[in-house]
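Asks: fold the following.
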Amino acid sequence: MMSDIEMTLYNIYYHDGCGNKDLVATTNNLDKWLKANNQERVADGNEPEKLEDFEIQETDSFIFEEKMNKPKMEIVSDDLVWIDFKGKEIRLEQDNLYNEGKLMITVHNKGEDYHEKLLVEE
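Replies: Here you go, the predicted structure:
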């Protein structure tokens, strides 16, 4: 496999009668494109078109998906959330019994006590 996502794409060209060829759209679904195109045309007061009105060429596609590592989040209670982000554990806590009710953010190496702490004033 050359790319992450495999799909057939179609380039849709219109010939204007004067020898000009214009790329109108690229789509993976010709029927859905034609339906959307015709809805717009009819709304503008024009006649609907048919696929035969266009030159359609299948294209080679090379689509590479960018993978993102999403942080994992655990909501422990209304007052406490843990986020696992890039190898660090981040604790968000706001409890009226601790730190005068201020939002506390701490950063931990996995399995260790925090090494950075931030108290957020209102």
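
Asks: what number of residues lie near the residue lying closest to Tyr98 once chain neighbours are set aside?
Replies: For Tyr98, the nearest residue in space outside its immediate sequence neighbours is Met104; the separation is 7.3 Å by CB to CB, 6 or more residues apart in numbering. Using the backbone N, CA and C atoms, a C-beta is placed for each residue, glycine as well. A count of nearby residues for Met104, using other CB atoms under 10 Å, gives 18.

Asks: what's the helix or strand for Met104?
Replies: Secondary-structure element containing Met104, defined by DSSP states H and E: strand 103-109.

Asks: pLDDT of that strand, averaged?
Replies: Per-residue confidence for strand 103-109 averages out to 91 on the pLDDT scale.

Asks: may I have that strand exported as PDB, CA atoms only?
Replies: As requested, the backbone C-alpha atoms of strand 103-109 are provided in PDB (Å, rounded to 0.1, in the frame of the first residue of the first chain):
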ATOM      1  CA  LEU A 103      -7.900  25.300  41.100                       C
ATOM      2  CA  MET A 104      -4.700  23.200  41.500                       C
ATOM      3  CA  ILE A 105      -2.800  21.800  38.500                       C
ATOM      4  CA  THR A 106       0.000  19.400  39.200                       C
ATOM      5  CA  VAL A 107       2.300  17.600  36.800                       C
ATOM      6  CA  HIS A 108       3.700  14.100  37.600                       C
ATOM      7  CA  ASN A 109       6.100  11.700  36.200                       C
END
